[in-house]
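Asker: what follows is a predicted protein model with its sequence.
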Amino acid sequence: MLRKLAAILLSVVAILAAGWLALRRPDIPYDTLETAYSLPTSNFQTIDGVKIHFTDAGPRDAPVIVLLHGFAASVHTWSQWQSRLDDTYRVIAIDLPGHGLSRVPDDEPVSRDYYVRTVGAIADQLQLDSFALAGSSMGGGIAWKYAAENPTRLDALVLVDAAGWPMSSEDRETSPLVFKLIRIPFVRTLMKDLDLSSLIEDGLSDSFTDQTFVTPEMVDRYSSLSRAPGHRGALLELSAQGPDSPASVRDRLAGIDLPTLILWGEDDKLIPVSHARQFDEAIAKSVLIVYEGTGHLPQEERAKESASDVIAFLDQHVSALSPPFIEEDADEVDSAANGATPQTATGGGARPR
């Protein structure tokens, strides 16, 4: 009987091992990925020892907006915004280390705090005296943390379905399968070298209300970029990091005294729209826009509308701060810098779109 049981167990282990070996995928060299996924506006610079990929478009003397993508994403998520903003703004989208075409640091693990420091280092390298900062999902969490720590360097803040508030147990139950799996340490270890295409596709499907956005090309891009050397390990390191406490988040947000635009998809399955209202309540000079019939990525799913809302916001709060406008009307500049409308200055509440 014991022999039979041992034989069965060995057979199960052999089957699982064979399945794991069949799903293993090697890293894809950076040269190959750069050939496939670099963009016409791509730039590479080594910053604090890490080669960083970013796109840089628009007039060099225009007001600047810096864009931060979400977990496992890349600068490609901002393509629609960039093409609409770069006539009048300098638009810089960054691949955070361990994402897109950016490398992974050798001497420290990636973390949210590391990303906040990275944003500052990139801004220093590009000699950005002041700029607007926008972030989607995880990038939104990095953006508001940077704003809380560097209040005098930013002109404005844009949060798109931003991370930061701890998820309730109910929210966790409804999150995509890939996020449930990577919360389990043992599973994270197994996933490090595997082909995650099917899980990536499930996660992307949960990110969009309109499933026509989830194309084979999008799935292949996410999957391929995750196989850059060191990226899978970096993503799993990030997923293992716990949230900040609600009190800590609330205290840090309360210290943000910047014009802040909060954009959210009403049907977001990854970060519920209730978090948008929490951000709106916590940040004094905020305005919230909720897009009906939209998921986690309104910058892609509602590109035209969300870009128009951002342009209107930047025109009000950032254009007047740029050098070409400063000498025209000092009183007007002061008014714009301090929040031009009662709605923005008081956190005007949600406007459905």
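Answerer: Good, I have the coordinates.
Asker: which strands and helices lie in contact with the strand or helix carrying Gln45?
Answerer: Per DSSP states H and E: Gln45 is located in strand 42-47. Packing partners of strand 42-47 (3 or more C-beta pairs under 8 Å, 6 or more residues apart in numbering; DSSP states H and E): strand 50-57, helix 112-125. Placement of C-beta: from N, CA and C, glycine included.
Asker: change it to 10 Å
Answerer: Using 3 or more C-beta pairs under 10 Å, 6 or more residues apart in numbering; DSSP states H and E, the elements in contact with strand 42-47 are helix 30-37, strand 50-57, helix 112-125.
Asker: other SSEs contacting the longest one?
Answerer: Just to be clear, that refers to helix 112-125. Packing partners of helix 112-125 (3+ C-beta pairs under 10 Å, 6+ apart): strand 42-47, strand 50-57, strand 64-68, strand 90-94, strand 131-136, helix 138-149, helix 231-239.
Asker: so which residue is dead centre in this structure?
Answerer: Gly70 (2.3 Å; C-alpha atoms, centre = their mean).
Asker: list phi and psi for that residue.
Answerer: phi -90, psi -180 (degrees, to the nearest 10).
Asker: relative to Ala143, how far out is it?
Answerer: Distance, Gly70 to Ala143, using C-beta to C-beta, to the nearest Å: 11 Å.
Asker: what residues are shared contacts of the two?
Answerer: 135-136, 160, 162-163 (C-beta atoms under 10 Å, 6 or more residues apart in numbering).
Asker: pull the most distant pair out of these.
Answerer: Within these, Val160 and Ala163 form the most distant pair, 10.4 Å apart (C-beta to C-beta).
Asker: ok, those two, which is more surrounded?
Answerer: Legend: neighbour count by other C-beta atoms under 10 Å for Val160 and Ala163, higher for Val160 (30 against 23).
Asker: tell me how far the nearest residue to Trp165 once chain neighbours are set aside lies from Asn150.
Answerer: Nearest residue to Trp165 in three dimensions, chain neighbours excluded: His275, at 4.7 Å (C-beta to C-beta, 6 or more residues apart in numbering). According to C-beta to C-beta, His275 and Asn150 sit 23 Å apart.
Asker: the more surrounded of the two?
Answerer: Using other C-beta under 10 Å as the criterion, His275 and Asn150 rank with His275 on top: 23 against 14.
Asker: pretty sure the more buried one sits in a helix.
Answerer: Yes. Counting by DSSP: H, G, I helix; E, B strand; the rest coil, His275 is found in a helix.
Asker: that one reaches Ala162, doesn't it?
Answerer: Yes. Counting by C-beta atoms under 10 Å, Ala162 is a contact partner of His275 at 7.6 Å.
Asker: touching both of the two, which residues are there?
Answerer: With C-beta under 10 Å, 6+ apart as the test, His275 and Ala162 both reach 140, 262, 264.
Asker: ok so, going back, local confidence estimate at the residue nearest to the centre of the chain?
Answerer: What the model reports for Gly70 is a pLDDT of 97.
Asker: show me what contacts it?
Answerer: Gly70 makes contacts with 77, 96, 99, 135-142, 160-163, 207, 270-271, 296-297, 299, as judged by C-beta under 10 Å, 6+ apart.
Asker: distance of it relative to Lys285?
Answerer: Computed as C-beta to C-beta, the Gly70 to Lys285 distance reads 24 Å.
Asker: what's the answer for Ala72, then?
Answerer: 31 Å.
Asker: have a look at the two and say which one is more surrounded.
Answerer: The neighbour comparison of Ala72 against Lys285 (other C-beta under 10 Å) goes to Ala72, with 25 against 20.
Asker: A helix includes that one, no?
Answerer: No. Counting by three-state DSSP, Ala72 is located in no helix; its state is coil.
Asker: need the contact list for it.
Answerer: The contact partners of Ala72, taken as C-beta under 10 Å, 6+ apart, are 98-100, 137-138, 178, 196, 200, 203-204, 222-223, 225-226, 231-232, 234-235, 238-239.
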